[in-house]
Structure formats: structure tokens, C-alpha cells
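A.B. asks: Kindly return the folded structure for what I paste below:
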Amino acid sequence: MKLKDAIRYYELTGCDVFDDFKKQNQYIKYLSYDFDLPNDFTEVIEKLSDNLLILWADSHSIDGYLPTNEELVNMYLSGIPKPENSKEDKTIEQLEVIEAPSRFRKSKSDNKTLDLIISIVNSEMDLQQFYELETELVIDIMNEVAARREKEAKKRKRKGR
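C.D. replies: Presented below is the predicted three-dimensional model:
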């Protein structure tokens, strides 16, 4: 998803696209592993596609044509493919552990879109230069900038001693 779309999604719906997508994936895993489904299963599964439709309708005229859920996902949620190690190479600690849903556990949700915008603004970078880039790429760039600044700070600290 492009950063401008993630920002507009947040502006229109008040929800973070990353959190919506993560929660939907989690609920689909619950379904595939035959866990007891949470009471809000239907709402969560439909929320992402409904919000993507709202995002699409914001920038397009509605003249009788509405894209399907698959088209919306292909339009907005395409990611940057990353090289992945084979499952055989992964150790037990690296494999994902799927837990059954708990009705008593409270989930902590961070707004990743808002955090990303804040980090760009705090780093005094121009938001416009990242506006058309994919969010995964922007996050990688911000992490790399932060790592380089941290290395420079450590070098300055060593030289100061």
C-alpha cells in the first residue's frame, strides 16, 4: 500500500490499515485451525474490504461499477516481495506460533500509520518525497536512516571520550 493511501485510509475510517489487515489474518488463521471464533468474526473480516471500498470511492466516481474485494486487495494491498528462507532452514523459535483466541486477553494496538508519519516529521524529512512510495519501502528507509544516525552518534560519542 502506498503511504498516501495508508494516510487517506486512516483519515477516512479512523483505523490503521496495518492493524485491520493483521487482525483479519489472525481471524482467518483461527478459522483454518478450527479454533472457537470470536464474537466479532464477521465484522472484522468485512471491515478491511469495506474500508478499502470507502478508500476507493473517495478517489473514483461511482457510476454503477464497484470493484470486487479481490480487485480492492490487488489495488491497495500489494506489497514488496521480500526474499524468504525456506521453512526447512527455520529453527523452532523462528516458526510462527498460533494461539487460540482468548476472550480475556486484551490486545494492545499501535497505530503504525500514525507512528510512521510522526517518525518522518520528527526526522525533518519531506513527507511529499515518500508520498507515492510503498509503505514497506518507506518503513525500511526510515529504519535504515535511524540505524545510520545511531551509528554516527556512537562514533561521535567514542571520539568525544
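
A.B. asks: So for the helix or strand where Ile117 lies, what gets flagged as buried?
C.D. replies: Taking DSSP states H and E as the definition, Ile117 sits inside helix 112-122. For helix 112-122, the neighbour count (16 or more other CB atoms under 10 Å) marks Lys112, Thr113, Leu116, Ile117, Ser119, Ile120 as buried. Where you see a C-beta, it was placed from the backbone N, CA and C, and this is true even at glycine.

A.B. asks: Pull the distance from it to the chain's centre.
C.D. replies: What separates the centre of helix 112-122 from the centre of its chain is 13 Å, taken as CA atoms, centre = their mean, to the nearest Å.

A.B. asks: Mind checking what helix or strand follows it in sequence?
C.D. replies: For helix 112-122, the following helix or strand on the C-terminal side (DSSP H and E) is helix 135-160.

A.B. asks: quick one: average confidence on that following helix?
C.D. replies: Averaging pLDDT along helix 135-160 yields 87.

A.B. asks: Could you do stretch 79-93 as well?
C.D. replies: Over the span of stretch 79-93, the pLDDT mean works out to 58.

A.B. asks: heads up, I number from 42, so please use that
C.D. replies: Got it, first residue is 42 now, which makes that one stretch 120-134.

A.B. asks: what about the residue nearest the centre of the chain, which SS state?
C.D. replies: For the chain, Phe59 is the residue whose C-alpha lies nearest the centre (CA atoms, centre = their mean; 2.8 Å). Following DSSP: H, G, I helix; E, B strand; the rest coil, the label given to Phe59 is helix.

A.B. asks: Doesn't Asp77 lie inside a strand?
C.D. replies: No: assessed with three-state DSSP, Asp77 is coil; it does not lie in a strand.

A.B. asks: and the angle from the lowest-mean-pLDDT helix or strand in the chain to helix 176-201?
C.D. replies: Using mean pLDDT, DSSP states H and E, helix 153-163 stands out as the lowest-scoring helix or strand of the chain, at a mean of 81. Relative orientation of helix 153-163 and helix 176-201, computed by axes from the mean of the first three to the mean of the last three CA atoms, to 10 degrees: 40 degrees.
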